[in-house]
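Engineer: Build me a model:
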Amino acid sequence: MATSPDVPRTSDAQPEPQATTDRRWYQSVHGPVFWPSLILILAFVALAVIGGDGVGAVIGDIQQGVVSGFGWYYTALVSAFVVFALWMGLSHYGDIRLSGDDAKPEFGLGSWLTMLFAAGMGIGLVFWGVAEPLHHFAGIPNRASRIVAPDAQGAQESLVVTFLHWGLHPWAIYVVVGLAIAYAVHVKNRPISIRWAVAPVLGKRTNGWLGDLIDIAAVVGTVFGIATSLGLGVTQIAGGLEFLEIISEPSNMMLVLIIGGVTALALASVISGVTKGIKWLSNINMSMAVALMIFVLITGPTLFLLREFIQGTGAYLQNLISLSFRTSALFDADGVEWQGWWTAFYWGWWISWAPFVGVFIARISKGRTVREFVLGVLLVPTAFSLLWFTVLGGAGLYRELFGDGGLVGTGADGVATVDETNTLFMLLQDLPAGGLLVGIAIIIVVLFFVTSSDSGSLVVDMLASGGDIDPPKWSRVLWAVLEGAVAAALVLAGGLVALRGVAITIALPFSVVMILMCVSLLRQFRVERQQTLDAELRLRRDLFTEHVTQTLQNESVVGGTDDTGTRVAQGWLKRRRQG
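Structural biologist: All right, here's what the predicted structure looks like:
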């Protein structure tokens, strides 16, 4: 078990049972990170519960300020991460193996992909699968997305904008953090901690207050990022239960009770560990999600969805550069509002998730090459995301364009509205065995909730314990409970608006850490690449020397003489060996 850098290891001489027990307990947490993180999170929960809607209003104001002042920064930075990730995977750096001893991967390819995908997307896929394309199609909350009208062209553009938010960009964010941590942990043998991923830049300050501050930001950001997803998930669970008429219109108290119930389910998986609970649940819920997608594909407008997948993917790739740098600048206030509701929110959400997903992916990726890592984390999940939104979102758009409609409504002010919590259930209800499908969808959300809470609490616990890869169960339970508490607090403080605002705001400081990660990775990879080239040069030189020596010796034996040319050649070889 790794110990925190500032805590001495227990001495082997003359152990005292009680003292040893105490030291082991204190070694299970890294005080300078654990306690400040815990205090900040508890203070927010208390403030949100007491302040209620007032806290939500403050969060909304902060969100608007961050988007208007830094929306352009998020857009440029995340696009740069895409370029950086592709460079790492496709260049000669891709041959570097994330293992100091050439160990084989701990998990098979299938389990590895399902675990990283369940951790990286999870609840969001189910929540927004149908709702987001319909939101863009309906022009909510305004037309800053450049979607002109709810027609065929508008439907195509709606899907492409959704692809932007769920395609290469979020996974590039995860590549940056995951790769930096994986290299520090598996190659440099550092503890699992964010600070060590930027050690080449921080130097001696890594082990001081600055390193602690980075880990605190990672812990708090991870808890709030996960809480955002849990808040979305519980909203959809409540919507599904209401849709099935199991409960009436859910109140905030009902949402809090659901969060508590699902968090309690997550604790069993938390205790069982990575190789059991997280692995099994990830395989189960991804299998169920894939089965649901295939069922919708088969029973829905199959040929339309297959054609749209090819066409939509092409449109996404064709417009990738312009979409990546779109800031809606010409729309002024409307543009800021749209960015805050969509693109800036997503980039902030993904960045706030990055410590959690990055550490988790690094933890399960030992033994893979950088190229395998990038291809597995960047391209495979992106392809699945495009297919998922084509099938779910495309089926919803097809219904609005060519079917009975009903997924897009009209509010009291005459503006088109979309009920994001129920659009999935409304779509599934009209398919064969619709009631059963709605129940399965709710179960999928619950399982994603559990895996997110489980893997998130493990990661937070590793960060708060100074890099311990197997932290004690009591602290993992503590963080799982806190994630549920923060989700409940955000629901009480304004629901979805508060969830968005916190995600966008908390990402701002950690984005700076991600820039330092890129610089650190580049420095280390250049050094390792140069060392590899030097080793290859020495090997070729030794092989050439051995070959020439053997040739000259053979000629000397055959000729029976040791002439001047041979002596000169041997002298040259001797000087080469020495120099």
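
Engineer: C-alpha from now on. contacts and neighbour counts both.
Structural biologist: Fine.

Engineer: residues contacting Phe163?
Structural biologist: Phe163 makes contact with Tyr316, Ser385, Leu386, Phe389 under the criterion C-alpha atoms under 8 Å, 6 or more residues apart in numbering.

Engineer: Show me the one in those that has more neighbours than the rest.
Structural biologist: Taking other C-alpha atoms under 10 Å as the neighbour criterion, Phe389 ranks highest of the contacts of Phe163 with 27 neighbours.

Engineer: That one contacts Gly129, correct?
Structural biologist: Yes: here Phe389 lies in contact with Gly129, judged by C-alpha atoms under 8 Å, at a distance of 5.4 Å.

Engineer: so what sits against both of the two?
Structural biologist: If you check Phe389 and Gly129 against C-alpha under 8 Å, 6+ apart, no residue is contacted by both.

Engineer: re earlier: now the contacts of Phe163 in a markdown table, with pLDDT and secondary structure?
Structural biologist: Output for the contacts of Phe163, formatted as a markdown table (pLDDT from 0 to 100; DSSP: H, G, I helix; E, B strand; the rest coil):
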| residue | pLDDT | secondary structure |
| --- | --- | --- |
| Tyr316 | 97 | helix |
| Ser385 | 94 | helix |
| Leu386 | 96 | helix |
| Phe389 | 97 | helix |
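
Engineer: Could you single out the nearest of the residues you listed to Ile469?
Structural biologist: When the contacts of Phe163 are ranked by distance to Ile469 (C-alpha to C-alpha), Ser385 comes first, at 30.1 Å.

Engineer: now that closest one: how far from Ala152?
Structural biologist: 22 Å (C-alpha to C-alpha, to the nearest Å).

Engineer: ok, now Phe137?
Structural biologist: 10 Å.

Engineer: out of those two, which sits in the more crowded spot?
Structural biologist: Phe137 (29 against 15).

Engineer: ok, that one touching Val160?
Structural biologist: No: contact criterion C-alpha under 8 Å: Phe137 and Val160 do not qualify, at 10.9 Å.

Engineer: Check the secondary structure at Ala103 for me.
Structural biologist: coil (DSSP: H, G, I helix; E, B strand; the rest coil).

Engineer: Ile271: neighbouring residues, count only.
Structural biologist: 17.

Engineer: and it, what pLDDT?
Structural biologist: The model reports Ile271 with a pLDDT of 72.

Engineer: did I read that right, it in a strand?
Structural biologist: No: using three-state DSSP, the assignment for Ile271 is helix, not a strand.

Engineer: Now the residue nearest to it when sequence neighbours are not counted: phi and psi?
Structural biologist: The shortest distance from Ile271 to any non-neighbouring residue, by C-alpha to C-alpha, 6 or more residues apart in numbering, is to Lys473 (5.8 Å). With angles defined as degrees, to the nearest 10, Lys473 sits at phi -70, psi -30.

Engineer: so what pLDDT did Lys473 get?
Structural biologist: 82.

Engineer: That one: neighbour count?
Structural biologist: Considering only other C-alpha under 10 Å, Lys473 is surrounded by 15 other residues.

Engineer: which residues of the stretch 351-500 of the chain score low on pLDDT?
Structural biologist: For the stretch 351-500 of the chain, applying pLDDT under 70 flags the ranges 412, 496.

Engineer: And the strands in it?
Structural biologist: Using DSSP state E, counting those that start in this stretch, the strands found in the stretch 351-500 of the chain span residues 409-410, 416-417.

Engineer: Ok, which of the ones you listed comes nearest Gln236?
Structural biologist: strand 416-417 (16.8 Å).

Engineer: Give me the nearest residue to Ala152, chain neighbours excluded.
Structural biologist: Closest to Ala152 by C-alpha to C-alpha, 6+ apart is Leu401, at 7.2 Å.

Engineer: Ala76 now?
Structural biologist: Per C-alpha to C-alpha, 6+ apart, closest to Ala76 is Phe325, 6.5 Å.

Engineer: give me every residue that touches the one you found.
Structural biologist: By C-alpha under 8 Å, 6+ apart, the neighbours of Phe325 are Thr75, Ala76, Ser79.

Engineer: Out of those residues, who's the most crowded?
Structural biologist: Ser79 (22 neighbours).

Engineer: so is that residue in a helix, a strand, or just coil?
Structural biologist: Under three-state DSSP, Ser79 falls in the helix class.

Engineer: ok now do it, which residues does it touch?
Structural biologist: Contacts of Ser79 (C-alpha under 8 Å, 6+ apart): His169, Ser324, Phe325.
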